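**Q** Quick one: sequence plus predicted model below, questions after.
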Amino acid sequence: MAAETKHKSTVKEPLFHIAKRDSIAWQKAWLIRIAAILLALVFSGLVSYLLTKENPLSIYATMFDGAFGTERRVWNLMQSLAMLLCVSVAVTPAFKMRFWNIGAEGQVLAGGLATAACMILCGNKLPSPVLLLVMLIASVAAGALWAFIPAFFRAHWQTNETLFTLMMNYIAIQLVSFFVYKWSVPKGSGQVGIINRATRAGWLPVLGNYEYLLNILIVLIVTFTMFVYLKYSKHGYEITVVGESENTARYIGIPVKKVIIRTMLISGAVCGIAGFLLVSGTDHTISRDTAGGRGFTAIMVSWLAKFNPMLMVLTSFLLVFLDKGASQVSTRLGLNKSFSDIITGIIIFFIIGCEFFIQYKVQFREKEAKTS
Amino acid sequence: MKHTVSRITALALTGAVGMGMTACGGGNGGSGNVTKDNIKIGLICLHDDNSTYDANFIKAMDEAKKNLGLKDNQIIIKTNVPENSECKEAAVDLADQGCNIIFADSFGHESYILEAAEQFPDVQFCHATGTLAHTEKKENFQDAFASIYEGRYLAGIAAGLKLNEMIDDGKITPDQAVMGYVGAFTYAEVISGYTSFYLGAKSVCPSVTMQVQFTGSWYDETAEKEAATTLINKGCVLISQHADSMGAPTACENAGVPNVSYNGSTKDACPNTFIVSSRINWAPYYEFAINSVLDGKDIPYDWTGSLSTGSVLLTDVNEQAAAPGTQEAINAAMEDLKSGKVHVFDTACFTMGGDQLSTYIADVDTDAEYKGDTEAIKDGFFHESEYRSAPYFDLRIDGITLLNDMY
């Protein structure tokens, strides 16, 4: 009885509480990230072991083999990385401006469709350099147009850009479906097949023996340019300010409407380049799967890299590595896609989850000091 | 921060280069003595076993493996390979891993498989459902298909008998014997399929008509389900489909409408409505092609499996849904088809615009102009899958209404 009354007066402190961090040393942030990746590997190894009874180490080895196993796989990995990186870099300026452009998929498709149209319609009529230039201009214009429409509506009438850009994706997909049907070989098959297979007209040239080298170089240039643009140019500064607060931007005399439209034009144009590289430099065909979901994955890549184009090389590498690795695991163990999705899901969960611990800190209840 | 990044990148790159070097020379694709013990086989699938279409290829590979006495590690199956440059990458990667013969299962893989075939002249590439091999004339690139129109015709007989049963029971009038068909694209393979199915039904139920709804995709569960529901709402009393998901069979089971399936039995999921299913068994082709590689023989540009090769199969009839006597009728018709007494596309059995056909120039050789190039009607019937393995019957015959074109 006596003890109970004694405790009644003290409020019970929870076991732990969460507080926002003011700042965190970069070493500590990276330590948390690396710890998260290691934990993710342990956990996914455990899950794989429970599901397949395979040695987790051999699963990691298989993943590594799938990504780096042969020289060709390394090139392939870099190519996939470049394509994802290009789209990620494209969505970044809009995201930095807090303009939720989830229409990259459609913008890439619009660019790809324009490229394919040039290859099919003027394939053998223009000399190669002119054709490539026309294709590039057309794809950049198409991607930019696809981004301009929602940006214009948002700037002038405050429409919801998330819904608008999302809907634009479906329009692009249907447009591509329509033209794929129209151009299909043989008729009605719903497949364009490889365009200009005999003449290779409109195919991005191959540097040396490296099929994808030019793609990779172009994406590196785009990435670096975007990094400089966002970090050191006046435009980049304006984007940041508009992203922080439109009112502040207006107050200090930044033309908000203009910045929104201009930034989205850039975003769409780079998506257009991605479409160009995918059609002219990679697949040599167009289909509704040309963008392959990169428009959405790119959002994650960009976000994880904190909108820093240079860091995106790393984050897109991570996602591409997981994709290649997990699909190799599926192939070797004869499992279907669900398995690789589970593994990828676990790892991404940990990586995104760890950002929470970088933003916030968990404080445990301090050991109660002995009374009196 | 920058240091860490560059360090990690450097680490990743060193790892990459190291692995790349060690793994070189692992491939022995196309090396001289290929025996049953060292042959390696690759299979590229568009989806995985969640798709009835791809499951059919994967199962057949399993069967071929058992029949030929091969080991698990001699077969590498890559699933979820899209119809773009990733298909070529998958194919050359299989060749790098030492595969001597590589199969691919989807129509859209063809031109990428062809590119891989150019890179690896010593590896055989066999593509199912394609159209280019007989004009490309490459020693290591072949197409294959099966006379599935015969299987569909037999399945159509089961459908026709079911309609007759409904008419006899007074559930519908002869005029109401309308079948619905969910198709992927308005493409020869699909047209050939639904027309043979319709002709099979018509051979036993003369008043039958059919409506076709296209989805514009080979695999879209939602669209296929919706298309089947649309057809049922329009008064179709029996449904069949040429698309690869469980969409249409499920819609039929929910609505209690009989369904003639494709690619394999859907009886487990649809016990009350599944009648019968036709499917291609790819195992005979796999075995033929693999044996050809082992014996050092050429594989023909086009190989068409048939009822006789065991490539065209019908599942067991589901007695619960089918009309009595269905199995017997199918067996009898199968003998007639095998002996050549009956031809599916007999010109006496169908009309176009009310007229019987005596000539038709079919588009057998693939070209962008879609021009016909080969006379396909001879001796009173349309010669399907003879001039190339993939179907080229694309006539729109009387009695079949297309509700939408293409999709």
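**A** Great, that's in hand.
**Q** For the nearest residue to A:Cys118 once chain neighbours are set aside, give me phi and psi.
**A** Closest residue to A:Cys118 apart from its sequence neighbours, by C-beta to C-beta, 6 or more residues apart in numbering or on different chains: A:Met135 at 4.4 Å. The C-beta positions use only the backbone N, C-alpha and C, and glycine is treated the same way. With angles defined as degrees, to the nearest 10, A:Met135 sits at phi -60, psi -40.
**Q** residues in contact with A:Met135?
**A** Counting by C-beta atoms under 8 Å, 6 or more residues apart in numbering or on different chains, A:Met135 touches A:114-115, A:118-119, A:202, A:276, A:280.
**Q** Kindly indicate which of those residues lies nearest A:Asn169.
**A** Distance ranking of these against A:Asn169, using C-beta to C-beta, places A:Ala114 first at 16.1 Å.
**Q** Need the pLDDT of that closest one.
**A** Note for A:Ala114: predicted pLDDT of 98.
**Q** Could you give the separation of the stretch of helix or strand it belongs to from the chain centroid?
**A** In this structure, A:Ala114 sits in helix A:104-121 according to DSSP states H and E. Computed by C-alpha atoms, centre = their mean, to the nearest Å, the chain-centroid distance of helix A:104-121 equals 19 Å.
**Q** now B:Asp373, nearest residue through space, not along the chain?
**A** B:Asp365 (5.0 Å).
**Q** Mind listing what's buried along the helix holding A:Ala114?
**A** Using 16 or more other C-beta atoms under 10 Å in any protein chain shown as the test for burial, helix A:104-121 gives A:104-120.
**Q** Please identify which pair of the contacts of A:Met135 lies farthest apart.
**A** The span of the contacts of A:Met135, defined through C-beta to C-beta, is set by A:Ala114 and A:Gly202 at 11.7 Å.
**Q** hmm, back to that, from A:Thr162, how far out is the residue nearest to B:Asp373?
**A** 49 Å (C-beta to C-beta, to the nearest Å).
**Q** and what of B:Glu89?
**A** 34 Å.
**Q** Which of those two has more residues huddled nearby?
**A** With neighbours defined as other C-beta atoms under 10 Å in any protein chain shown, B:Glu89 and A:Thr162 compare such that B:Glu89 has more, 23 against 15.
**Q** Excluding chain neighbours, what is closest to the more buried one?
**A** In space, B:Glu89 comes closest to A:Asn76 once its chain neighbours are excluded; the distance is 5.3 Å by C-beta to C-beta, 6+ apart.
**Q** what does A:Pro186 give?
**A** B:Thr366 (5.1 Å).
**Q** Please pull out the lowest mean pLDDT helix or strand from chain A.
**A** Least confident helix or strand, chain A: helix A:2-8 with a mean of 49, by mean pLDDT, DSSP states H and E.
**Q** Can you name the element that comes right after it?
**A** Per DSSP H and E, helix A:2-8 leads on to strand A:16-20 as the next helix or strand towards the C-terminus.
**Q** what lines up beside that next one in the sheet?
**A** Strand A:16-20 sits in its sheet next to strand A:360-364 (antiparallel), going by DSSP bridges.
**Q** ok, and B:Phe103, which helix or strand is that part of?
**A** Counting by DSSP H and E, B:Phe103 is found in strand B:101-104.
**Q** Equivalent analysis for B:Lys66, please.
**A** helix B:52-68.
**Q** Surely A:Ser88 touches A:Ala298?
**A** Yes - counting by C-beta atoms under 8 Å, A:Ala298 is a contact partner of A:Ser88 at 4.1 Å.
**Q** Quick one: residues contacting B:Asn404.
**A** Here B:Asn404 is in contact with B:213-214 (C-beta under 8 Å, 6+ apart).
**Q** and it, that one's in a strand?
**A** No - looking at B:Asn404 with DSSP: H, G, I helix; E, B strand; the rest coil, it is coil, so not inside a strand.
**Q** Roughly how far does it sit from B:Leu307?
**A** Remark: distance between B:Asn404 and B:Leu307 (C-beta to C-beta) = 33 Å.
**Q** residues near B:Asn254, how many?
**A** 14.
**Q** Before we move on, what's the pLDDT of it?
**A** The model's pLDDT for B:Asn254 equals 95.
**Q** Which of the three states applies to it?
**A** helix.
**Q** Run through the residues that contact the closest residue to chain A within the stretch 151-300 of chain B.
**A** In the stretch 151-300 of chain B, the residue that lies nearest chain A is B:Tyr187 (4.0 Å; C-beta to the nearest C-beta). Going by C-beta under 8 Å, 6+ apart, B:Tyr187 touches A:186-190, B:394.
**Q** cool, and B:Ala323?
**A** Contacts of B:Ala323 by C-beta under 8 Å, 6+ apart are B:158, B:161-162, B:164-165.
**Q** Can you give me the distance of the residue nearest the centre of chain A to chain B?
**A** Chain A has A:Ala298 as the residue nearest its centroid, 1.2 Å off, counting by C-alpha atoms, centre = their mean. Noted for A:Ala298: a distance of 18 Å to chain B, by C-beta to the nearest C-beta, to the nearest Å.
**Q** returning to that earlier point: and the residue nearest to A:Pro186, how many residues sit next to it?
**A** Neighbour count for B:Thr366, taken as other C-beta under 10 Å: 22.
**Q** Confirm for me that it is in contact with B:Gly130.
**A** No - between B:Thr366 and B:Gly130 there is no contact under C-beta under 8 Å: 9.1 Å.
**Q** before we move on, the earlier item: burial measure for the residue nearest to B:Glu89, as a count.
**A** So A:Asn76, with other C-beta under 10 Å, has 22 neighbours.
**Q** for it, what are its contacts?
**A** Residues near A:Asn76 by C-beta under 8 Å, 6+ apart: A:212, A:324, B:89, B:93.
**Q** wait, which of those is closest to B:Gly216?
**A** Distance to B:Gly216, by C-beta to C-beta, is smallest for B:Glu89 among the contacts of A:Asn76, at 27.0 Å.
**Q** name the element the closest one belongs to?
**A** According to DSSP H and E, B:Glu89 maps onto helix B:85-96.
**Q** How far does that helix sit from its chain's centre?
**A** 22 Å.
**Q** mean confidence score for that helix?
**A** 96.
**Q** The stretch 1-150 of chain A against chain B: which residues are in contact?
**A** Selection of the stretch 1-150 of chain A residues close to chain B by C-beta under 8 Å from any C-beta of the partner chain yields A:26, A:30, A:64-65, A:68-74, A:76-77.
**Q** likewise the stretch 201-350 of chain A?
**A** By C-beta under 8 Å from any C-beta, the part of the stretch 201-350 of chain A that sits against chain B consists of A:282-285, A:287, A:289-290, A:292, A:310-311, A:313-314, A:317, A:327, A:330-331, A:334, A:336-337.
**Q** Which of those fall within helices?
**A** Per DSSP state H, helices hold the following members of those: A:310-311, A:313-314, A:317, A:327, A:330-331, A:337.
**Q** want to throw the residues you listed into TSV with pLDDT?
**A** Shown next, in TSV, are those (pLDDT from 0 to 100):
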residue	pLDDT
A:Met310	95
A:Leu311	93
A:Val313	96
A:Leu314	93
A:Phe317	95
A:Ser327	89
A:Ser330	87
A:Thr331	90
A:Lys337	77
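**Q** most neighbours, which of these?
**A** Most neighbours among these, by other C-beta under 10 Å: A:Ser330, with 24 neighbours.
**Q** Which residue, neighbours along the chain excluded, lies closest to that residue?
**A** A:Ser340 (4.8 Å).
**Q** And B:Asp367, by the same measure?
**A** Using C-beta to C-beta, 6+ apart, the closest residue to B:Asp367 is A:Val185 (7.7 Å).
**Q** go on, B:Asp220?
**A** B:Asp220 sits nearest to B:Ser245 (C-beta to C-beta, 6+ apart), 6.7 Å away.
**Q** Then B:His47?
**A** B:His47's closest residue in space is B:Asp54 (C-beta to C-beta, 6+ apart), at 4.6 Å.
**Q** Over to A:Thr285?
**A** A:Val192 (5.0 Å).
**Q** Can you measure across stretch B:41-48, start residue to end residue?
**A** One end of stretch B:41-48 sits 17 Å from the other (C-alpha to C-alpha, to the nearest Å).
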